[in-house]
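Asks: What follows is a predicted protein model with its sequence.
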Amino acid sequence: MLTQERQNIIRLRLAADGKVVAGQLAEEFRVSEDTVRRDLRDLAAQGLCERVYGGAILRAKDAPPLQARQGQDSTEKRKVAKAAAGLVAAGQVIFIDAGSTNLLLAQALPRDIELTVVTNAPLVANALNDHPRASVLLLGGMIDQKRGAALGGTTLAAIADIFADIFFIGTCACDPQSGLTAFDAAEAEVKRAMAAHSARLCVAATAEKLGTRAPYRVAEAAAITDLVTSGLAAPGLLTAFERLGVRTLTAS
């Protein structure tokens, strides 16, 4: 089998399963693991995957600014957001940080219960303007226009005074081995602070975010309490999360 043929198969396998294991590929292709590792290095150099111990996973793609993504929501994303909103109970205090799925989640929060929403994202706060029973606390700080969120020391200081029942994290990338990761160091720092001050950590993510990795670590996968995704997610990935004690919910 030619190098290009092997790499095309690896790309298809990554797209289908979110990851590949070098030993399994070597056996399938009847080549050495060194040969497969060279293939993975080539694909990683092209930005098509991220090398991890024993194989590779998909590389997460940084999204356009949140403002630009308004009105471009998929049916999958809306279903995931609605299912995640169903996890909220009356009287809870919840963190919601920036993200297009989180914006839909805010809009889908039950209207017949009282709750307190704490967010560093102005668009999320605005989405709750017409919620009749929600108290909204918008965290201060310098707004990062691309992330659509307040970041930095002022934001971190405000988070330190709050303890939430649930943190709905805006997901950049999420993988059983690499955990939750983000594209921006300051954004990752705020996410870590919110996670540390929450009883539950909920990931509401479309299938494309799973099995991927970004540069900055937010939390281990085992720290996730609830993972809400769609039926498009690879079953093997969900099983891997469940083995870590993560509760998974597939939006119908």
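Replies: Structure's in. What do you need?
Asks: ok, Pro176 - contacts?
Replies: By Cβ atoms under 8 Å, 6 or more residues apart in numbering, the contact set of Pro176 is Ala221, Leu237, Ala240, Phe241, Arg243, Leu244. C-betas here are computed from N, CA, C, even on glycine.
Asks: Paired strands for the host helix or strand of Ile166, with orientation please.
Replies: Assigned by DSSP states H and E, Ile166 belongs to strand 164-169. Paired with strand 164-169 in the same sheet, following DSSP bridges, are strand 93-96 (parallel), strand 198-204 (parallel).
Asks: Give me the residues contacting the last one.
Replies: Spelled out, that is strand 198-204. Under Cβ under 8 Å, 6+ apart, the answer for strand 198-204 is 80-81, 83-84, 87, 95, 101-102, 105, 163-169, 171, 174, 180, 195, 219, 223-229.
Asks: Just the buried residues of these.
Replies: 80-81, 83-84, 87, 95, 101-102, 105, 164-169, 171, 174, 180, 195, 219, 224-229 (16 or more other Cβ atoms under 10 Å).
Asks: Just the helices from the stretch 151-252 of the chain, written as ranges.
Replies: Assigned by DSSP state H, counting those that start in this stretch, the helices in the stretch 151-252 of the chain fall at 153-159, 185-196, 235-243.
Asks: Redo those helices as a markdown table? Include mean pLDDT and distance to Thr35.
Replies: Listed next are the helices of the stretch 151-252 of the chain as a markdown table, based on pLDDT from 0 to 100; distance: least, Cβ to Cβ, whole Å:
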| stretch | mean pLDDT | distance to Thr35 |
| --- | --- | --- |
| helix 153-159 | 97 | 47 |
| helix 185-196 | 97 | 35 |
| helix 235-243 | 92 | 24 |
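Asks: most tightly surrounded among those?
Replies: helix 185-196 (a mean of 21; mean count of other Cβ atoms under 10 Å).
Asks: hmm, back to that, can you put the helices of the stretch 151-252 of the chain in a markdown table and add distance to Arg37?
Replies: Output for the helices of the stretch 151-252 of the chain, formatted as a markdown table (distance: least, Cβ to Cβ, whole Å):
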| stretch | distance to Arg37 |
| --- | --- |
| helix 153-159 | 40 |
| helix 185-196 | 29 |
| helix 235-243 | 22 |
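Asks: between these, which one is nearest to Thr75?
Replies: Judged by Cβ to Cβ, the one of the helices of the stretch 151-252 of the chain that comes nearest to Thr75 is helix 235-243, at 19.8 Å.
Asks: hang on, isn't Ala44 packed against Ile57?
Replies: No: shown here, Ala44 and Ile57 do not form a contact pair, counting by Cβ atoms under 8 Å, at 10.3 Å.
Asks: Between those two, which contacts overlap?
Replies: With Cβ under 8 Å, 6+ apart as the test, Ala44 and Ile57 both reach Glu50.
Asks: quick one: which of those two has more around it?
Replies: The neighbour count for Ala44 versus Ile57, taken as other Cβ atoms under 10 Å, is higher for Ile57 (24 against 14).
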